[in-house]
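Visitor: This is a predicted model, with the sequence first.
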Amino acid sequence: MSTTAANPPSQFSLIRTHTKAQLLEQFRIPVAVISAVVFPALVLVFFVVPQSSVTENPGASLSAIAQLSVFGVMSAYLFNYGVGVAEDRANPWSTYVRSLPAGPLPGILARAAGAMLFGVMSLIPVLVIGATLTSALESFTGGDLAWWRIPFAVAVWLLSGLPFLALGLLIGYLCTSKVAVAVTQVVFFPLAFAGGMMLPPAAFPEWLDTFSLFLPSRAARDLAVFALTGEGLEATTLVCLLTWTFTLGAAALWAARRDQGRRFR
């Protein structure tokens, strides 16, 4: 009497299951979800909205919205991976799951999907506040900019955060969970400030403006502003962003393999 082996689950079903588990775990802590989503909007409310010179200028308003949007995406990507992966490595259940023959890809893609969801969620309040409390929409209603730039900008913002996703993965695989929290915070805020996400680069001293051109955060910020406003984009911006993406991606892959070799050989 012969038996038929059950069909193994597909990669898609594994990714879907991992994603569902990741999201359920994160949504069980509403405070963490709310803080991650609301923080960029609070920066907009407290640091941009009170400045009438910015809110009454449609171009300046759009630039502020763009840079704070990519700020939210950067935060979601970096903390989701930098802290989340480190916590998974300390979790016995996650360690067991990594030892299964499905491989690391479903878990990595599931966490990426969760990070992107949080990135999208962080964009919504920034866009709503920007549309209601600034003059940003005048550029679209007046015909200066086409409406397709808004969904295009959202897609660009999510993609421009890829170097920070890789950086978070690198931190998560190299650090323990407690160390990862501190390292992520120490890395995040200087990168965000020096990248022009809290203050426009025009307000920087010359030395900081020049230095920031070599940072992934400045490249992501400039690309984000271009996507929404159509302002001129330097070719070096794309080169910088791609270089950082591939460099940090390679480093994250090395860290993941190093961790896999040490714990599962």
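Guide: Nice, I can see it.

Visitor: show me where the stretch 51-200 of the chain has helices.
Guide: Chain-ordered helices for the stretch 51-200 of the chain, with DSSP state H, counting those that start in this stretch as the definition, fall at 52-55, 58-89, 92-98, 105-133, 138-141, 149-160, 162-174, 177-194.

Visitor: closest to residue 206 out of those helices?
Guide: Among the helices of the stretch 51-200 of the chain, the nearest to residue 206 by CB to CB is helix 177-194 (13.8 Å). Heads up, the C-betas are built off the backbone N, CA and C, glycines and all.

Visitor: Please identify the buried residues of that closest one?
Guide: Residues 177, 180-181, 183-184, 187-188, 191-194 are the ones in helix 177-194 that count as buried (16 or more other CB atoms under 10 Å).

Visitor: elements contacting that helix?
Guide: In this structure, helix 177-194 packs against helix 58-89, helix 162-174, helix 206-212, helix 216-229, with contacts taken as 3 or more CB pairs under 8 Å, 6 or more residues apart in numbering; DSSP states H and E.

Visitor: okay if I get those as TSV plus mean pLDDT?
Guide: Converted to TSV, the helices and strands packed on helix 177-194 look like this (pLDDT from 0 to 100):
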stretch	mean pLDDT
helix 58-89	88
helix 162-174	91
helix 206-212	94
helix 216-229	96
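
Visitor: Skipping adjacent residues, who's closest to residue 217 in space?
Guide: Closest residue to residue 217 apart from its sequence neighbours, by CB to CB, 6 or more residues apart in numbering: residue 195 at 2.5 Å.

Visitor: State the number of residues packed around that neighbour.
Guide: Residues lying near residue 195 (other CB atoms under 10 Å) number 23.

Visitor: can you tell me how far it sits from residue 70?
Guide: Distance from residue 195 to residue 70, counting by CB to CB, to the nearest Å: 9 Å.

Visitor: so what's in contact with those two at the same time?
Guide: Common neighbours of residue 195 and residue 70 are listed as 220-221 (criterion: CB atoms under 8 Å, 6 or more residues apart in numbering).

Visitor: So for stretch 116-130, what gets flagged as buried?
Guide: Neighbour counts using 16+ other CB under 10 Å place 116-123, 125-127, 129-130 of stretch 116-130 among the buried residues.

Visitor: Need the helices of the stretch 51-200 of the chain in JSON lines (columns: distance to residue 257).
Guide: JSON lines is the format used below for the helices of the stretch 51-200 of the chain (distance: least, CB to CB, whole Å):
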{"stretch": "helix 52-55", "distance to residue 257": "46"}
{"stretch": "helix 58-89", "distance to residue 257": "14"}
{"stretch": "helix 92-98", "distance to residue 257": "13"}
{"stretch": "helix 105-133", "distance to residue 257": "12"}
{"stretch": "helix 138-141", "distance to residue 257": "47"}
{"stretch": "helix 149-160", "distance to residue 257": "25"}
{"stretch": "helix 162-174", "distance to residue 257": "9"}
{"stretch": "helix 177-194", "distance to residue 257": "18"}
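
Visitor: okay, the helices and strands packed on helix 177-194 in JSON lines with distance to residue 105 and mean neighbour count next?
Guide: As requested, these are exported to JSON lines (distance: least, CB to CB, whole Å; neighbours: other CB atoms under 10 Å):
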{"stretch": "helix 58-89", "distance to residue 105": "14", "mean neighbour count": "26"}
{"stretch": "helix 162-174", "distance to residue 105": "13", "mean neighbour count": "26"}
{"stretch": "helix 206-212", "distance to residue 105": "35", "mean neighbour count": "13"}
{"stretch": "helix 216-229", "distance to residue 105": "24", "mean neighbour count": "25"}
